[in-house]
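**Student:** Let's see this in three dimensions:
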Amino acid sequence: MPEITRERLERYLSGLFRMPVAVTARIPLRESKASGAAKEYGYGHPLKVEFTVGGERYAAVLETTSPGPFGHEHMADRARMMLWDHRAYNALPKHVRSLDVGAFDHEGNLLSVANAEEFFLLVEHVEGAGYILDLARLQEGAALRDLDLSRADALCDYLVGIHSVRGPDPGLYVRKIRELLGDGECIMGVCDSYPLPHGFITAALLEEIERRCVAWRWRLKGRTDRLRQVHGDYHPFNILFREGTDFTVLDRSRGEWGEPADDVTALTGNYLFASLQASGRLEGPFETMFRRFWDRYIERTGDAEILATAAPFFAFRCLVMASPVWYPSLDESVRRKLFSFVLSVLDAPRFAPDRVNGWLDAL
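**Tutor:** Modelled structure (predicted):
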């Protein structure tokens with residue numbers, strides 16, 4: 001947290017009130033140590049600021065949130081909290097009013113963002129063709145090329161490289177596993193998006209999958225030594241190839257750190273998905289790439305433990321691929337096989353790449 005100097009406060013407040021402001025006092029506020037169980041933990045360090053504007057005296061409290069657990073590890077987490085607070089404080093009768101919401105720049109200056117309605121991201125444009133086009137060509141019956149194998153190897157080796165970077169905070173692994181279940185974009189959020197009933201898919205079936213995934217959360221959350229740098233959404237729509245094996249990845253959006261199985265299941269799960277749509281089984285070029293990817297990854301990382309962590313990540317990816325919202329025209333037989341795979345893989349103690357076809361008919 002940058003030093004909140006008198007000069008920086010006066011410059012910021014003068015811009016906010018659009019006239020000169022003089023800061024007269026800066027007073028750190030602390031939690032009261034009342035009798036009974038004292039509150040020893042707080043999210044930030046509030047600072048009372050006394051100032052004058054046009055001869056009038058004012059007082060305000062500058063609130064910050066410190067990095068830490070409870071979903072506050074990342075700057076974006078803390079920004080989300082502050083942005084929500086600003087609107088919500090002023091929408092409730094008798095609640096203390098929020099005067100502004102702002103940010104510190106890299107020099108410690110205070111900036112207002114209170115007038116923001118939505119945020120945007122501007123990124124560079126990169127040429128390339130989506131990797132999904134390679135898979136679509138194979139689905140249509142094209143022969144497996146040496147280039148297809150080379151590209152799969154390159155995508156595997158990319159993960160080997162980024163997964164070699166260990167994460168900084170074991171608590172982020174616990175958070176990643178928790179978010180795999182509870183985040184709005186992940187297992188429970190996807191389940192909630194299903195229009196029910198939908199053919200064989202019922203609330204009871206989705207509830208059973210969630211129950212099994214909760215059990216997996218408690219199996220995995222202690223494996224904090226596995227925290228690694230990840231992409232987080234490593235599927236064929238987020239990979240652009242140019243000539244040969246030259247590629248760029250897109251849309252990393254779920255944090256920097258996590259479980260390596262997240263990335264490996266995202267891509268190999270799409271090999272399975274493409275094969276199921278083509279023939280109802282994992283076979284042909286897709287089985288070759290699927291098995292080759294898993295073998296190569298484990299050989300190059302030495303991480304055979306990934307087979308004991310993959311199940312709930314496969315469950316997440318398959319729930320997306322089987323979704324009537326995401327894939328409304330998907331053949332019902334493919335949805336059924338995806339759900340059979342999910343139930344089977346969640347029931348097995350370890351994922352076994354050579355058992356996939358035997359897991360497609362549990363329903």
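**Student:** quick one, what contacts residue 217?
**Tutor:** With contacts taken as C-beta atoms under 8 Å, 6 or more residues apart in numbering, residue 217 has the following neighbours: 177-178, 180-181, 312. Every C-beta, even on glycine, is put in place using the N, C-alpha and C of the backbone.
**Student:** Please disregard the earlier target; I meant residue 111.
**Tutor:** Neighbours of residue 111 in contact, by C-beta under 8 Å, 6+ apart: 12, 102-105.
**Student:** pretty sure residue 19 contacts residue 52?
**Tutor:** No - here residue 19 does not reach residue 52: they are 10.7 Å apart, not a contact under C-beta atoms under 8 Å.
**Student:** Output stretch 345-355 in PDB, but only the C-alpha positions, please.
**Tutor:** Extracted C-alpha coordinates of stretch 345-355, given in PDB (Å, rounded to 0.1, in the frame of the first residue of the first chain):
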ATOM      1  CA  VAL A 345     -14.400 -40.500 -13.600                       C
ATOM      2  CA  LEU A 346     -15.700 -39.000 -10.300                       C
ATOM      3  CA  ASP A 347     -16.300 -42.500  -9.000                       C
ATOM      4  CA  ALA A 348     -12.700 -43.700  -9.800                       C
ATOM      5  CA  PRO A 349      -9.900 -43.000  -7.400                       C
ATOM      6  CA  ARG A 350      -7.600 -42.000 -10.300                       C
ATOM      7  CA  PHE A 351      -8.100 -41.100 -13.900                       C
ATOM      8  CA  ALA A 352      -7.000 -43.700 -16.300                       C
ATOM      9  CA  PRO A 353      -6.500 -42.500 -19.900                       C
ATOM     10  CA  ASP A 354      -6.900 -46.000 -21.300                       C
ATOM     11  CA  ARG A 355     -10.300 -46.600 -19.600                       C
END
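**Student:** phi, psi of residue 6?
**Tutor:** phi -60, psi -40 (degrees, to the nearest 10).
**Student:** go on, residue 358?
**Tutor:** Per-residue torsions, residue 358: phi -70, psi -10 (degrees, to the nearest 10).
**Student:** give me the number of residues near it?
**Tutor:** Residue 358 has 11 neighbouring residues, counting by other C-beta atoms under 10 Å.
**Student:** Look at it and report its pLDDT.
**Tutor:** Note on residue 358: pLDDT of 97.
**Student:** which of the contacts of residue 217 sit farthest apart?
**Tutor:** Across the contacts of residue 217, the longest distance by C-beta to C-beta is 11.2 Å; it joins 178 and 312.
**Student:** Between the two, tell me which one has more neighbours.
**Tutor:** Between residue 178 and residue 312, counting by other C-beta under 10 Å, residue 312 is the more crowded of the two (29 against 14).
**Student:** Is the more buried one inside a helix or a strand, and which specific one?
**Tutor:** Here residue 312, judged by DSSP states H and E, is contained in helix 311-321.
**Student:** Contacts only, for residue 64.
**Tutor:** By C-beta under 8 Å, 6+ apart, residue 64 lies in contact with 1, 44-47.
**Student:** so it, which of the three states?
**Tutor:** Three-state call for residue 64 (DSSP: H, G, I helix; E, B strand; the rest coil): coil.
**Student:** From residue 355, how far off is it?
**Tutor:** 51 Å (C-beta to C-beta, to the nearest Å).
**Student:** Likewise for residue 155?
**Tutor:** Taken as C-beta to C-beta, the span from residue 155 to residue 355 is 23 Å.
**Student:** Tell me which of the two has more neighbours.
**Tutor:** Between residue 155 and residue 355, counting by other C-beta under 10 Å, residue 155 is the more crowded of the two (24 against 12).
**Student:** Leaving out sequence neighbours, find the closest residue to the more buried one.
**Tutor:** Excluding its sequence neighbours, the residue lying closest to residue 155 (C-beta to C-beta, 6 or more residues apart in numbering) is residue 267, at 6.3 Å.
**Student:** cool, and residue 227?
**Tutor:** Nearest residue to residue 227, sequence neighbours excluded (C-beta to C-beta, 6+ apart): residue 167, at 3.3 Å.
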